[in-house]
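1. what's the 3D shape of this:
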Amino acid sequence: MFMPLSVFLMRTFFVNVPKELEESARIDGANTAQVIWHVLRPVVSPGLITVSILIGLQSWNEYLISSTFLQGAKNFTATLGFLSMNGAYGSNMSILMAASVILIAPIIIFFLCAQKYFVDGMVSGAVKG
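-> Model (predicted):
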């Protein structure tokens, strides 16, 4: 689902890189791999981090594919395991609330660590200058 958005975001970042950066690296004797690694990668790193966050969150929250292909409780992902805790005749709400905190904690920690890059990536890809 996020693949078209990811391709569009990364294309926008690579199109906005000034050609002069690549040309100056070529004049200094850099080959294609060095240009990509030492010139382009640092410039588009906010975009890479933004795409990583979006795809990571989409993978973490995936329900449809995992519920279709995974059979048996031992193979369930975290979201399917959480949903399987609901009983047919009722649920223990204290266990569900504790499980929801455990389920959302990695997402919050990951976002807090990558928040600066995420905001930079979304803003720098949108501004034309």
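2. Could you chop the protein up by domain?
-> As recorded under the TED database, the domains making up the chain are 1-58, 62-128.
3. hey, least reliable of those domains by pLDDT?
-> Of all the domains of the chain, the minimum mean pLDDT falls on domain 62-128 (a mean of 80).
4. returning to what we had before: CSV for the domains of the chain, including mean neighbour count?
-> For glycine as for every other residue, the C-beta is placed from the backbone atoms N, C-alpha and C. Below are these laid out as CSV (neighbours: other Cβ atoms under 10 Å):
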stretch, mean neighbour count
domain 1-58, 14
domain 62-128, 12
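5. which residues does the spatially most central residue of the chain contact?
-> Central residue check for the chain by Cα atoms, centre = their mean: the C-alpha nearest the mean position is that of Ile53, 2.3 Å away. When the contact criterion is Cβ atoms under 8 Å, 6 or more residues apart in numbering, the partners of Ile53 are Phe110, Phe111, Ala114, Tyr117, Phe118.
6. measure it to Phe111 for me?
-> Separation of Ile53 from Phe111 (Cβ to Cβ, to the nearest Å): 7 Å.
7. Equivalent analysis for Ala105, please.
-> Using Cβ to Cβ, one obtains 11 Å as the distance from Ala105 to Phe111.
8. Now do the same contact list for Arg26.
-> When contacts are counted by Cβ under 8 Å, 6+ apart, Arg26 touches Val35.
9. Which element, helix or strand, includes it?
-> Assigning secondary structure by DSSP states H and E places Arg26 in helix 19-27.
10. next structured bit after that helix?
-> For helix 19-27, the succeeding helix or strand toward the C-terminus, using DSSP H and E, is helix 32-34.
11. Run through the neighbouring helices and strands of the longest helix seen in the chain.
-> Using DSSP state H to assign secondary structure, the helix with the most residues in the chain is helix 93-124. The contact analysis (3 or more Cβ pairs under 8 Å, 6 or more residues apart in numbering; DSSP states H and E) places helix 93-124 against helix 3-15, helix 41-60, helix 78-83.
12. Between helix 3-15 and it, find me the angle.
-> Between the axes of helix 93-124 and helix 3-15, defined by axes from the mean of the first three to the mean of the last three Cα atoms, to 10 degrees, the angle is 30 degrees.
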